[in-house]
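Colleague: mind folding the following:
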Amino acid sequence: MVFPPAPSESMEWANLGLTVKDNVNGHVESTYSVLTGEWTEPRFVEDPHIKIHGLAPALNYGQQAYEGLKAHRGPDGNILLYRPVAHADRLAISSSYVSIPEVPQEHFLKCVKYAVARNAEFVAPHSTEALLYIRPLVFGSNGHLALSAPTEYTFAIYVQPASAYHGVQPLPACVIEDFDRAAPRGTGGAKVGGNYAPVIRHTQKAAQQGYHVTLHLDAQTRTCVEEFSTSGFIGIKKNGDSVTVVIPDSKTVIQSITSDSCLTLAKSFGWAVEKREVPWSECKFFDEVIAVGTAASLLPIRSLSRPSTDEKFVYGEKAGECTQRLASAMRNIMRGNVKDEFGWTYTLQEKDLLLPEEPKAEELKAEEPLIEEQVIGYNATQDIKAATVTINPIPAPTSVAVEA
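Modeller: Numbering: from 1, shown residues only. Down below sits the predicted model:
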């Protein structure tokens, strides 16, 4: 067996978006029981649908959290996961907001690697701009009406071949003024569905007015920048050869892993970095503004408008030079084009398929007398435990997963 397998020839790699296509091999599931206090070993499920009780807290009370990360194929054909440890840690933070037991970092990584390994042929060729989007989610899954902790939780990892969410061309953005994304001391810092679904009708309205990206100000004073509806906010100031990168510091925004990557890269370029409160009035002084996120990557903002004050700040029809440098550096690390100096990428390995180990010949020979003795000595009154066999709950990969 050769791992990883080559990219699937059935995919139109140049014509992907974020449309869900149920043509991957399957997803991974693991469950947590309050009785045992442990997560089960990951199991691979071919059916894209999850059977869940209609009275599960995830459906009724929004007890769920999720993540999003990416896999790319390097120039050598290997598959690279980008910053999986950081995503594991962020899911733990989000889970704590909605009273979900933490998915241990090691278990998160094991499940994500397994899901990608079993769908390796759906990681795009290095020659394309496509990627494999990975969506881990965790939720309360057993029937439970009371507003208290349920007894079962499900952790699932889905994958989808995709391309950048907004594309790469600069887009106009506007401030949403009649809706607050998150309240102070609320769930704004968590990646939970309740912070996203209410925004949909407002982004649709903005799109009808020609704005493809929407920005939120702080709910308490509406004077400071927080984040875009789908992405983090980065502002860039240039003064000759001097560059300063600024991102908002707020407890009510998602701690963007892409923003963090940009700040680290900026420091490596010798640029100044500031994580602080960003007044709306400062937006007029930025030379470049970027919306950053896992799905969006680095999206240049063409202009930023605030209808209530009739303000409009224009940043340009083309991506700025600083935006391009950050995007290029991050892209090259993600795709394995340069040495990863920051330890951000993980190269997927055959062992991540979680194949059961085959016993060695000498081990089989040693076990034969014991097996024969057990069979001859067995009788109907014998304790049933003597006949119990432990079965590995992880199925071996189907042939299509390893030979495509």
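
Colleague: if we ignore the residues flanking it in sequence, what's nearest Ala319?
Modeller: What sits nearest to Ala319 in space, not counting adjacent residues and going by Cβ to Cβ, 6 or more residues apart in numbering, is Pro300, at 4.1 Å. From N, CA and C alone the C-beta is placed, and that goes for glycine too.

Colleague: got it, and Ser308?
Modeller: Nearest non-adjacent residue to Ser308 (Cβ to Cβ, 6+ apart): Glu177, at 5.2 Å.

Colleague: which residue ranges make up the domains of the chain?
Modeller: According to automatic domain parsing, the chain comprises the domains 27-162, 171-319.

Colleague: now do the end-to-end distance for the shortest one.
Modeller: What it means is domain 27-162. 16 Å (Cα to Cα, to the nearest Å).

Colleague: that one: how far from the chain's middle?
Modeller: Its chain's C-alpha centre and that of domain 27-162 lie 9 Å apart, by Cα atoms, centre = their mean, to the nearest Å.

Colleague: and for stretch 305-316?
Modeller: With Cα atoms, centre = their mean as the basis, stretch 305-316 stands 32 Å off its chain's centre.

Colleague: in that stretch, which residues are buried?
Modeller: Neighbour-count burial for stretch 305-316 flags Ser305, Arg306, Phe313, Tyr315 (criterion: 16 or more other Cβ atoms under 10 Å).

Colleague: and the furthest pair within these?
Modeller: Farthest-apart pair in the buried residues of stretch 305-316 is Arg306 and Tyr315; separation 14.5 Å (Cβ to Cβ).

Colleague: ok so Cys262 is a helix residue?
Modeller: Yes. The assignment for Cys262 by DSSP: H, G, I helix; E, B strand; the rest coil puts it in a helix.

Colleague: the closest residue to it other than its chain neighbours: what secondary structure?
Modeller: Closest residue in space to Cys262, ignoring its immediate chain neighbours: Leu326 at 5.3 Å, by Cβ to Cβ, 6+ apart. The three-state assignment at Leu326 reads helix, by three-state DSSP.

Colleague: so what's the residue count around Leu326?
Modeller: 27 (other Cβ atoms under 10 Å).

Colleague: wait, doesn't it sit right on Thr264?
Modeller: No. The pair Leu326 and Thr264 fails to qualify as a contact (Cβ atoms under 8 Å) at a distance of 10.3 Å.

Colleague: which residues in the stretch 201-350 of the chain form strands?
Modeller: 213-217, 225-228, 232-239, 242-248, 272-276, 288-293, 297-306, 311-314, 345-347 (DSSP state E, counting those that start in this stretch).

Colleague: and whichever strand or helix holds Val28, what's buried?
Modeller: Secondary-structure assignment from DSSP states H and E places Val28 in strand 27-33. Within strand 27-33, the residues scored as buried using 16+ other Cβ under 10 Å are His27, Val28, Glu29, Ser30, Thr31, Tyr32.

Colleague: quick check: the farthest pair among the residues you listed?
Modeller: Farthest pair in those (Cβ to Cβ) is His27 and Tyr32. Separation: 16.9 Å.

Colleague: what secondary structure does Phe108 sit in?
Modeller: Phe108 ends up helix, using three-state DSSP.

Colleague: what's the distance between the residue nearest to it when sequence neighbours are not counted and Ser94?
Modeller: Closest residue in space to Phe108, ignoring its immediate chain neighbours: Ala88 at 3.8 Å, by Cβ to Cβ, 6+ apart. According to Cβ to Cβ, to the nearest Å, Ala88 and Ser94 sit 11 Å apart.

Colleague: what does Thr36 give?
Modeller: Noted for Thr36: a distance of 23 Å to Ser94, by Cβ to Cβ.

Colleague: now swap in Arg118 and tell me
Modeller: 25 Å.

Colleague: more crowded one of those two?
Modeller: Neighbours per residue, other Cβ under 10 Å: of Arg118 and Ser94, the larger number sits with Arg118, 27 against 22.

Colleague: thought the more buried one was touching Glu350?
Modeller: No. Taking Cβ under 8 Å as the definition, Arg118 is not a contact partner of Glu350, at 11.8 Å.

Colleague: quick one, phi/psi of the residue nearest to Phe108?
Modeller: phi -60, psi -40 (degrees, to the nearest 10).

Colleague: quick one, what contacts it?
Modeller: Val103, Gln105, Phe108, Leu109, Val112 (Cβ atoms under 8 Å, 6 or more residues apart in numbering).

Colleague: next one: Val253
Modeller: If you count contacts by Cβ under 8 Å, 6+ apart, Val253 has them with Ala182, Gly188, Gly189, Glu226, Glu227, Gly232.

Colleague: quick one: which of those residues is most hemmed in?
Modeller: Among the contacts of Val253, the one with the most neighbours (other Cβ under 10 Å) is Glu227, at 25 neighbours.

Colleague: just to check, that residue is in contact with Asp218?
Modeller: No. If you go by Cβ under 8 Å, Glu227 and Asp218 don't touch, sitting 10.2 Å apart.

Colleague: please enumerate the helices of the stretch 1-150 of the chain.
Modeller: For the stretch 1-150 of the chain, the helices defined by DSSP state H, counting those that start in this stretch cover 57-60, 84-97, 105-118.

Colleague: kindly apply the preceding question to the stretch 151-300 of the chain instead.
Modeller: For the stretch 151-300 of the chain, applying DSSP H, counting those that start in this stretch gives helices covering 200-208, 257-268.

Colleague: for Thr19, find the nearest of those helices.
Modeller: Evaluated over those, closeness to Thr19 peaks at helix 200-208, with 16.7 Å, by Cβ to Cβ.

Colleague: pLDDT weak spots in the chain?
Modeller: By pLDDT under 70, the low-scoring segments of the chain are 165-167, 296, 358-404.
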